[in-house]
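*Asks:* Task: produce atomic coordinates for the following.
(2 chains)
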Protein chains: 2
Amino acid sequence: MTPMKIRKALISVSDKTDIIKISKILVQIGCEIISTGGTKKKLEKAGIKITDISSVPGNPEAFSGRMKTISFNIESALLFDRKTDSMEAAELGIEPIDMVICNLYPFKKVSEEGVELEELIENIDIGGPTMIRAAAKNYAYVTVVTDVGDYDRIINELKENQGSISCETRYELMRKAFNYTADYDDHIAQTLDHRAGIKSLRFSFHQGKNLRYGENSHQQGLFFREANAQNSLANIKILHGKEISYNNLTDIQSGMDAVGELSASGCAIIKHNNPCGFAQGKDQLSAFELAWAGDPISAFGSVIAFNEPLQLKTAQFLQLDNKDKSKRKFVEVIISPSFSSDVLDYLKFHKNLRIIEYDISRSSRRFEIKYLCGSLLWQDTDNILYKELRLMTDCGFNLESEQGLIEFGLKAVKHVRSNAIVIVREHNSGYYQLLGMGAGQPNRLIATHLAVDKARENLIREYSDNELGSDQKKREDYIKRELGKAILISDAFFPFPDNVEVAADSGIKKIVEPGGSIRDKAVINCCRELSVSLIFSGIRHFKH
Amino acid sequence: MTPMKIRKALISVSDKTDIIKISKILVQIGCEIISTGGTKKKLEKAGIKITDISSVPGNPEAFSGRMKTISFNIESALLFDRKTDSMEAAELGIEPIDMVICNLYPFKKVSEEGVELEELIENIDIGGPTMIRAAAKNYAYVTVVTDVGDYDRIINELKENQGSISCETRYELMRKAFNYTADYDDHIAQTLDHRAGIKSLRFSFHQGKNLRYGENSHQQGLFFREANAQNSLANIKILHGKEISYNNLTDIQSGMDAVGELSASGCAIIKHNNPCGFAQGKDQLSAFELAWAGDPISAFGSVIAFNEPLQLKTAQFLQLDNKDKSKRKFVEVIISPSFSSDVLDYLKFHKNLRIIEYDISRSSRRFEIKYLCGSLLWQDTDNILYKELRLMTDCGFNLESEQGLIEFGLKAVKHVRSNAIVIVREHNSGYYQLLGMGAGQPNRLIATHLAVDKARENLIREYSDNELGSDQKKREDYIKRELGKAILISDAFFPFPDNVEVAADSGIKKIVEPGGSIRDKAVINCCRELSVSLIFSGIRHFKH
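*Replies:* Residues are numbered from 1 along each chain as shown, chains lettered A, B, ... in the order given. Below you'll find the model as predicted:
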C-alpha cells in the first residue's frame, strides 16, 4: 500500500483544540474540507473555506443535530474500495473522502457531572463512531485522526510528503481509532449499567511491555498500563539500575501502600510482599535504622520504600561505598518520592540497584481487584484502622499515650499477609518500630510464635549491640522489659486464649485485636489472669 | 414512557438462528419488515414479505455489500425524537422504524481462524453497529434486539401486549446493545493490536453480585463473571450452605488449582490461601485422612477440595452427625466435581457448610493477572514442574522410585506462598502426603523451621495415635526414620547452607530445590557432609 494524497477531508470534532491549526495545513496542501455544525462555524470564523456537509447529496443536518454526518454518500465515500469499486462510486456520484478528523461527544465528562439519564443519552455520539469506524476499516486508503495529540505528526507528515499520509501511519491510526471507539462504548455500557443498578466493569490495559519473565523465569510476564488511570504504578520513574522485574513491581506496590500510610518520616522494607521492617519517626535515618533492625537478615535483597525524599545520610546507612564489601547492605530496589543528585550519585555505587521515584500522592488506591478463573473479585480498600479502641482488661494501660503506637501497629498489621501478628514498640519518643511479625500462617498461634521469636531475636541483638553485658538473666530482664512496653497486634480475633498465653509468656503486656470471637470471654479472662491489657479495635485486617 | 407498538422493523443479522420464527410473529402483528442481503433472501424463502432496504430513499446496497443499511433515511428513522421531531421527519419523508434486530459479522470467529489481515478487516461490521447504536440511543421509542437469546421474550411480549414492547424491556435491551457494541469493538481493537505486535488487554466483567463484604466486613465486596469466559469460577454450583464469602472464593480457587494437578484421588485443605493439607492415593478416604493429618488444627474452618466425586465414607470422616459434638470436624467449604444424593444428605447435617460442585476440567487456567494501582501484571501460569531432576549428591537416592513423590511435592510447593518449604512423604505405597509446610516467610530458613516443626508435631501425634509407646528415645527414632524417608522441597534455591543444616538436623535425608544460587557449591558440600541427597530441579516456583 502506498502513501495516500489527502484531497478531501471530513472534520467533525467535539474537542476543538488545534482544529484550526491542522485545517490550515490541509487548506495549504489543497485539500477540500467538509464540515458541519460547530466545527464548521469555528473554522469559517478563522477564515477557512468549508464545504457544508449538506451539499453532499442526501445529507441535511437534521433533528436538532442528532443527524449530522450519517448518509449513504458520506459513509460510501469513506468505505468504498478505491481499487475495485471506483467505477461503481463514479456511477453513484460518490467522490472519495481521504481523511476523517473526528472526536466524540464528551460522554465521559457529562456522565461524571451526574446529569439526568435523558441528557446523558443525548450525549451518546452516533454519527462520530460510524464515521471513525468506516474510515478505519478502509485504512488502506483513508486516514482517521481521533486524537488531538496526533495533529502535529500529521501536520509534519503532510508537509514532508507533499500532502500524503503513509500506509504505516494510517495503519497505526486505524488501530488507535478502534481502541477509541471501544473505549467510548465501554464507558457508555458501564455507565448505563451502573445507572440501572447493574454491576459491570470494563478495563482496558495498554502499552504492554515484556518483562524479563513472570514470577519465575519459565513464565512469560507482561506489564500494562490501565487506560485513563489517574494514578498508575506505570508512572514510576526508573532512575537507575537493573531491569525491573515482575516480583519487584508487586513489592514496589506493597512498599508504596505501606509507607504511604505513615504520618511521620517512614520506611517500609518489603520482602516477598510482606513488610519485614517498618518504622517511622522525625528523623529519616533513625526511622530507616529502626526498620532495618526489624529483620536485618531478610532486609538483604529487599525493596525499601520511603515516604519522604531520601536523604544522603539515610542512603549512606547502606554503606554501598564501604571498602569492606561485607559491610555493604545490598537491596534490590529503593523507592522515594524524589532523589537529589548527591543521593543518586551515592546510590549509583551499586550498579544493579533499582532506584525508583514515585508520586507519594498516588498511594490513594480506591479499590483492589483479584482475578480468579474467568471471574473477578472487587473490593474497596481496607481504609478503616479501627472502629473504637475499647479497653477490655486494664492492667495499667494509658490509651491516650499509646494511641499513636496502636495506630502505627494497625498500619503495619494491615499490610502483613494473614494470619498476621505484629509486635510494635515506641523505641524512643515518637519513634515507632515493627519489632517482630508473623505472616501468612494457617494457624494464628504460629504467627504469634513467629512474631515473638523475631522480637526476641532482635532484642537479643540489640542487647549485645548496646554492649549491655553478657549476663543471661539481665538480658532476659531487658527483653521482658522491652516486650512489656511493646504492643502485640493481631489482624483478626484470637480463636482461643492460647495466643495470649504465648504472648504473656514472652513478656507482652498489651494486646490489640479486633474481638468478635465466640470465645472472647475466655480470651479476656486469660488476659486478666496474666495481667495483660487487652484492647478491642472492632476492625479486622485480613489480607491474603 | 409507554409501550411502543412495533409497526416497522429493520432486520439484518449475521447469525440467522430463529430469525424466521421472530419475523413470522412480526408479520402476524402487522409489522412491516425491512431487510437486505442474506437476511432478506432467507426470510423471503420462508414466504415472508419483505420491503427491500433500497426502497428507502438514498439507500442502494453497494460496494459488494460494504454499504447495506447506512443511509440518512434509515438512521433518521431510528434516531428522530418521536415527540419533538415528528413534523421535521414528515417533511423529510421519514417514517419511524420501531425495532431493529441485528447481530454483527462474526469478527471474533474469523479472527480465531487466523485469516489474513485484509480478510479480517473485511469482517468488521460498520452498518450493524451504527444501526444498533442509533436504535439504542432512541430506546425511548425503539426496541433493539442484539441477542438471539432474547427472541423468545420479545415474541411473548409482542403476543401478550398487542404487538407492543414495554419501556422496561427497551431500556434493558438498550443497555445490552451498548454492551454488545462495546464487546465487539473491544475485540476488534485488541485483535488488531495483537496482529500489529502491540500488547493490549481488554476485559469486561458482568453480572456483578454483592458479596456480604470483602476480605473484611468494613470493605464492600463484589463478584463478577468475565464476559465470554469459557471457564469461570462463577460457574461453580452452590448446592447448600451459608452465603459464599469473598475469602471463600479465593480459597475455593486455590483448592481447585491445587487439587486439579493431582494424578490420583486427591484432597487439598486450604487455609488462608495455602494448602495446609494435601494428599493423594488410590482410596479417597485414605487420601483425605492423610491430608487432614498434615495440619489437623488448621484444617478446622478450612476449604476442602477433592478432584473426584466425594464418596460417602470420605464425607463421614468429618463425623458431622456424631452425637458428641466435639468430635465433629467443622469446615467452611467442601468442593468436589459431583455429589451423590446420599453424600449431600449427609453433609447437610452441617447447616452452614457450603457445598460446591465444580467442573474439574476448569482447572486449566492459561494465565494469571495481578492488578496493581492503575496497571496490570500478566503472566502465563506456572505449569512446568521441573526441568530435569539432577542428583547433585547421592547419599542413597533412587531417582526412579522417588519420582512420583518428588512430583507430588513440587505440586504442593507450587501452591504454597513464598518463601515456601514443604516436606512430603510416601505414607504407604502410592499414598503421598504433605507432612509439613512453611509458608509466606521473608526468610527461607524460617520456612524450613516451620515445615520441620509441623512435620515433627504430626509424627509425634502419629506415634501416639498408633500407640507405639511412651519411650522418648524410640519416638525420636521413629521421627528420624520417617523424616529420613520424606523429601524436603524448597520453592527456590537455598541462599546459604543453613537450611540444609536445619533439615539434616531433623532427620531429613533428601532435598529437592531448583539450584541456581551463587552459593550452590557450599550447599552441595554441606549436603555431602551431612549425608543428604540433593536434587536440583531447575525450576523455581515462587508464588506470592
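*Asks:* which regions of chain A lie under the pLDDT threshold?
*Replies:* By pLDDT under 70, the low-scoring segments of chain A are A:1, A:58-63, A:66, A:362-364.
*Asks:* Residue most distant from the centroid, it?
*Replies:* A:Glu91 (55.9 Å; CA atoms, centre = their mean).
*Asks:* Show me the longest helix that occurs in chain A.
*Replies:* helix A:167-195 (DSSP state H).
*Asks:* Buried residues in it, which are they?
*Replies:* Within helix A:167-195, the residues that count as buried by 16 or more other CB atoms under 10 Å in any protein chain shown are A:169-193. Backbone N, C-alpha and C define where each C-beta goes, glycine included.
*Asks:* Minimum distance to chain B, which residue of the stretch 401-544 of chain A gives it?
*Replies:* Across the stretch 401-544 of chain A, the shortest distance to chain B (CB to the nearest CB) belongs to A:Gly440, at 2.3 Å.
*Asks:* how would you label that residue: helix, strand or coil?
*Replies:* What DSSP: H, G, I helix; E, B strand; the rest coil gives for A:Gly440 is coil.
*Asks:* What count of nearby residues applies to it?
*Replies:* A:Gly440: 33 surrounding residues under other CB atoms under 10 Å in any protein chain shown.
*Asks:* what's the burial count for the closest residue to A:Lys414 other than its chain neighbours?
*Replies:* Distance criterion CB to CB, 6 or more residues apart in numbering or on different chains; nearest residue to A:Lys414, sequence neighbours excluded, is A:His541 at 4.6 Å. Burial measure for A:His541: 26 neighbouring residues, criterion other CB under 10 Å.
*Asks:* quick one: A:His541 from A:Ala196, how far?
*Replies:* Distance, A:His541 to A:Ala196, using CB to CB, to the nearest Å: 34 Å.
*Asks:* cool, A:Gly469 as well?
*Replies:* In terms of CB to CB, A:Gly469 sits 73 Å off from A:Ala196.
*Asks:* more crowded one of those two?
*Replies:* Using other CB under 10 Å, the more surrounded residue of A:Gly469 and A:Ala196 is A:Ala196, with 14 against 11.
*Asks:* quick one, what contacts the closest residue to the more buried one other than its chain neighbours?
*Replies:* Using CB to CB, 6+ apart and skipping residues adjacent in sequence, the residue nearest A:Ala196 is B:Arg175, 6.0 Å away. The contact partners of B:Arg175, taken as CB atoms under 8 Å, 6 or more residues apart in numbering or on different chains, are A:189, A:192-193, A:196, A:198.
*Asks:* quick one: contacts for the residue nearest to A:Ser338 when sequence neighbours are not counted?
*Replies:* Excluding its sequence neighbours, the residue lying closest to A:Ser338 (CB to CB, 6+ apart) is A:Pro309, at 4.5 Å. The neighbours of A:Pro309, taking CB under 8 Å, 6+ apart as the test, are A:336-340.
*Asks:* which among those residues gets closest to B:Gly128?
*Replies:* Distance to B:Gly128 across those (CB to CB) is lowest for A:Pro337, with 50.2 Å.
*Asks:* tell me the phi and psi of the spatially closest residue to the closest one that is not a sequence neighbour?
*Replies:* In this structure, A:Pro337 finds its nearest non-sequential neighbour in A:Ile360, 4.5 Å apart by CB to CB, 6+ apart. Main-chain dihedrals, A:Ile360, degrees, to the nearest 10: phi -60, psi -30.
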